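Novice: I'd like to go over a predicted model; first the sequence, then the structure.
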Amino acid sequence: MGNHDRVASADGQDQVAVGNAAAPPLDDTPALLRFRSDAPDDGPLSPLADFLADGNAAAVRLDPADDARSLIPHLGRLRLIEVAFPKFRDGRGYSAARMLREAGFTGEIRAAGDVLVDQIGFMRRVGFDSFAPAKPLDLSVVKLTLERYPYVYQKAADGLQPVWALRHG
Amino acid sequence: MYRYDQYDQAIVDARVAEFKEQVGRRLRNEITEDEFKPLRLMNGLYLQLHAYMLRVAVPYGTLSGVQMRMLAHIARKYDRDYGHFTTRQNIQYNWIKLEQFSDLLDDLSKVEMHAFQTSGNCIRNISSDQFAGAAADELADPRPYAELLRQWSTLHPEFSFLPRKFKIAVIASETDRAAIQLHDIGLQLRKDESGALGFRVYVGGGMGRTPIIGQVVREFIPVGQFMSYSEAILRVYNRYGRRDNIYKARIKILVNELGIVEFTRQVEAEWALLEPLGLDAPKAEYDRIIAQFAEPTYDLAAPDTLDLSDPDFAAWVSQNVHAHKQPGYAIATISLKPKAGIPGDASSAQMDVIADLAKKYAQDEIRVTHSQNLVLAHVRKADLYAVWQALDAADLATPNLDLVTDIIVCPGMDYCTLANARSIPIAQKIAAKFENDIEQQRDLGELKIKVSGCINGCGHHHAGHIGILGVDKKGEEAYQLLLGGSGAEDASLAKILGPGFDAEGIVGAVDKLIAFYRSARTNPSERFLDTYRRLGAAPFKEAVYG
Amino acid sequence: MPRILTGNRLETGDVLYWNGSDWSLSIRDAVAIGDEGEELVARLTAEERINDPVLIEAEPSSQGWRPRTTRERVRAFGPSVRADLGRPDISVESI
């Protein structure tokens, strides 16, 4: 969401590369769509309960019912938090991502699973910066979706100014 | 009323373009119906029994004459020359074609209208008091706050995939004309001891399968912070509302399972985290929006008298006209419950008449009520007779507001795929017994009959003095009878009286109830609901089943 | 009871009935569907051009097919409260 320039300047991500990226590979590994310039974390993902029990991993996976805020004491050690979307209708992950950003997490937050192209705009706004959709997304539609909205009505985790700030700025 | 600025229009235009593109993908078979369905629902487009049905948003029930004229145009061009005003203060069209939908959205956006979030598991159209800005008993116009909520909730990135739909209502008086205690969030504007404005916040009300009256989570949230407070409520709901069972997914179930004390604690804890993030709009934005709802320039010389020598006009005035806060003015309700009509339906010609009257006599403003009627909120008393004559000529002056023939009805199985039974014919049969005798109706006084064709309760049967619920009984249409509900400030939930009926039986049962009430009331000013509350269900049950 | 095939056209939402080789707007044109029905529904569902294709029970009568459920009769003939909008060839009275 937000126009291309403003998203790019807001959190330094390169959308042009996404738009020009090659079609995702047709294998079993979900194509990874990333809006970060650092190298992706290839380490194993630890389920939340395991992570909280031993706590050495740098990448953790949150299921919809998991409490994202239980990670707050450990955010400094985490590079990647993957939020699972078993069903696209289950919107708990949106709150999870935004709460993590509100807590100051700057690492990668990845939406994985039943992630649909028409949800990417909302997901970017609440703080997701990478995507591992179970079904490959049409990148031209992704680009269109992310460039769609010139303005937003509310503050979220993407740094965009809501229209009430623009009106009175 | 509120007018879009460049930002509002740009967002609507972008949303229209987005949905056009989504429709295009579906028509080209690039996405499946399963994938498309949530997208079209987010734009108010349902597939019903006969065709696609479109629900157009009328924010807090207020629209201009120009917008009403566009609604008439939509009815003519894209539908079968009529529309249906709903209990959510919106309008529905029943015969829409997907292949024409992009053009339709373009037409709507020309008059600052759209169909966003009129369906789906998101924050729905904000509803409010149809007398807002005109009622003598209001603290302030509640609509600027509803508009703030409209903007906040539009395309909210965190709350577009909630466990279930979410409905918010805002009022600013002690008299509740918007049923706030039967909403997911009900906001009542009030003042604290210092005179500052804020809201009493009700949460967890609702009808449907599990009717519950809302509870107060906060006696006072300052107006300047009610958006972040709403955000906190929605976040608690989004995180913890049930997703395992669609029938238990509304916030009312969460509030009940946690208990109001624990729910309130969680909301307050969340708000403590959210409030410092600067989510609330600044005072300048409040002022900008409030200014757009400024009082009209009243004619201070307008006479405060009415010539009631025409008895038909006098009957309409005494039933359908309410006092306005400005001397010389009145609030006129246009009944969409004519004889033998379909409650809430209006033809394109009628919409045009109303648009003309609004422009000529009522500050170019129209309200939709949750009782499926329309309101001209600012009419000079001196113009009232001319307004009435024009309404009467268009079959829009039935003097039956809040009477036995002013029945709330969902579309039922004549249109709706969810329905188990038809509801419109039931309302018509009940009304037919009274509609030729307005004196009898007036003698019976306020009597709110509400009919739903299924448990979802779009016809508000749980809030009816007499509620009727259509059910499926082994493949046959059957009807349950409920008594004692109210959606007003004295909110109560109607309860089932006894065994159900077939279509003919339910009409006879209502007849018996009314005859009993008439014999049992202490005086003519004791309403049906009052008599029921005084005597309890037993004698009514005896009258129907005995 | 015999079964007939119905659905809604994606582009228009129109209620349709299968006449053996194509779709018709009138239930009068419907043909009884045998054991091939499930396969037909599966194929139509996969094609994604007809929404909610489904086999419904209906009895032949002098007026043509009469669906078993009120819901399907309203769909075929209705809405019952707007006789002027019903099918020109079939009375809503038959709901």
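Specialist: Arrived safely, thanks for sending. Numbering: from 1, shown residues only, chains lettered A, B, ... in the order given.
Novice: who's in contact with the residue nearest to B:A509 when sequence neighbours are not counted?
Specialist: In space, and not counting its chain neighbours, B:A509 is closest to B:V544: 4.9 Å by CB to CB, 6 or more residues apart in numbering or on different chains. C-beta: built from backbone N, CA, C; applies to glycine. Contacts here follow CB atoms under 8 Å, 6 or more residues apart in numbering or on different chains; on that basis B:V544 touches B:L481, B:L497, B:G498, B:A509, B:K512, B:L513, B:F516.
Novice: which of those residues tops the neighbour count?
Specialist: B:L481 (25 neighbours; other CB atoms under 10 Å in any protein chain shown).
Novice: That one reaches B:G470, doesn't it?
Specialist: No. Between B:L481 and B:G470 there is no contact under CB atoms under 8 Å: 11.3 Å.
Novice: What strand or helix carries B:F101?
Specialist: Counting by DSSP states H and E, the element that carries B:F101 is helix B:101-109.
Novice: Note down every partner strand of the helix or strand just after that helix and its orientation.
Specialist: Sequence order places strand B:127-128 as the next helix or strand after helix B:101-109, per DSSP H and E. The strands beside strand B:127-128 in its sheet (DSSP bridges) come out as strand B:168-171 (parallel).
Novice: Restricting to C-alpha, output the strand it pairs with in CSV.
Specialist: Presented in CSV, the C-alpha positions along strand B:168-171 are these (Å, rounded to 0.1, in the frame of the first residue of the first chain):
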residue,chain,number,x,y,z
ILE,B,168,-20.3,0.1,15.3
ALA,B,169,-23.1,2.7,16.1
VAL,B,170,-22.7,6.2,17.4
ILE,B,171,-25.4,8.4,19.1
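Novice: so how far is the next helix or strand after it from its chain's centroid?
Specialist: Sequence-wise, the next helix or strand downstream of strand B:168-171 (DSSP H and E) is strand B:185-191. For strand B:185-191, the separation from the chain centroid amounts to 17 Å (computed by CA atoms, centre = their mean, to the nearest Å).
Novice: tell me what strand B:185-191 is packed against?
Specialist: Secondary-structure packing of strand B:185-191 (3 or more CB pairs under 8 Å, 6 or more residues apart in numbering or on different chains; DSSP states H and E): strand B:168-171, strand B:197-203, helix B:226-240.
Novice: what is the rounded mean pLDDT of that strand?
Specialist: Mean pLDDT, computed over strand B:185-191, is 98.
Novice: Can you give me the neighbour number for residue 37?
Specialist: I went with chain A, as the question did not name one. The tally of other residues near A:S37 (other CB under 10 Å) stands at 9.
Novice: meant chain C actually
Specialist: Applying other CB under 10 Å, I find that C:G37 has 17 neighbouring residues.
Novice: Verify the stated contact: it with C:L55.
Specialist: Yes. The criterion here is CB under 8 Å, and C:G37 meets it with C:L55 at 4.8 Å.
Novice: what sits in contact with each of these two?
Specialist: In contact with both C:G37 and C:L55: C:R3, C:L5, using CB under 8 Å, 6+ apart.
Novice: possible to save the helices and strands packed on strand B:185-191 as TSV with mean neighbour count and distance to B:H465?
Specialist: Listed next are the helices and strands packed on strand B:185-191 as TSV, based on neighbours: other CB atoms under 10 Å in any protein chain shown; distance: least, CB to CB, whole Å:
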stretch	mean neighbour count	distance to B:H465
strand B:168-171	28	20
strand B:197-203	22	22
helix B:226-240	24	31
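Novice: Those: which one's closest to C:D22?
Specialist: Distance to C:D22, taken as CB to CB, is lowest for helix B:226-240 among those, at 46.8 Å.
Novice: where along the chain do the strands fall?
Specialist: Since you didn't name a chain, this refers to chain A. A:33-34, A:46-47, A:59-62, A:80-85, A:108-113, A:130-133 (DSSP state E).
Novice: other chain: chain C
Specialist: Going by DSSP E, chain C shows strands at C:3-9, C:15-18, C:23-24, C:50-61, C:64-67.
Novice: What distance do you get for A:D90 to B:D244?
Specialist: 10 Å (CB to CB, to the nearest Å).
Novice: and if you look at A:A134?
Specialist: 22 Å.
Novice: need the helices and strands packed on strand B:185-191 in TSV with distance to A:H168, can you?
Specialist: Formatted as TSV, the helices and strands packed on strand B:185-191 follow (distance: least, CB to CB, whole Å):
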stretch	distance to A:H168
strand B:168-171	23
strand B:197-203	20
helix B:226-240	15
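Novice: among the ones you listed, which is nearest A:D54?
Specialist: Closest among those, using CB to CB: helix B:226-240, at 25.9 Å.
Novice: Residue of chain A nearest chain C, please.
Specialist: A:K135 (15.5 Å; CB to the nearest CB).
Novice: Local confidence estimate at that residue?
Specialist: 91.
Novice: cool, and A:D27?
Specialist: A:D27 carries a pLDDT value of 41.
Novice: what's the answer for the one 3 residues further on, then?
Specialist: Predicted confidence (pLDDT) at A:P30: the value is 53.
Novice: cool, A:D54 as well?
Specialist: On pLDDT, A:D54 comes in at 83.
Novice: Now do the contacts for it.
Specialist: Not one residue lies near A:D54 by CB under 8 Å, 6+ apart.
Novice: dump the residue contacts of the spatially most central residue of chain A.
Specialist: Geometric centre of chain A, nearest residue: A:F128, 1.4 Å, by CA atoms, centre = their mean. Contact partners of A:F128, counting by CB under 8 Å, 6+ apart, are A:V83, A:A97, A:I109, A:R110, A:A111.
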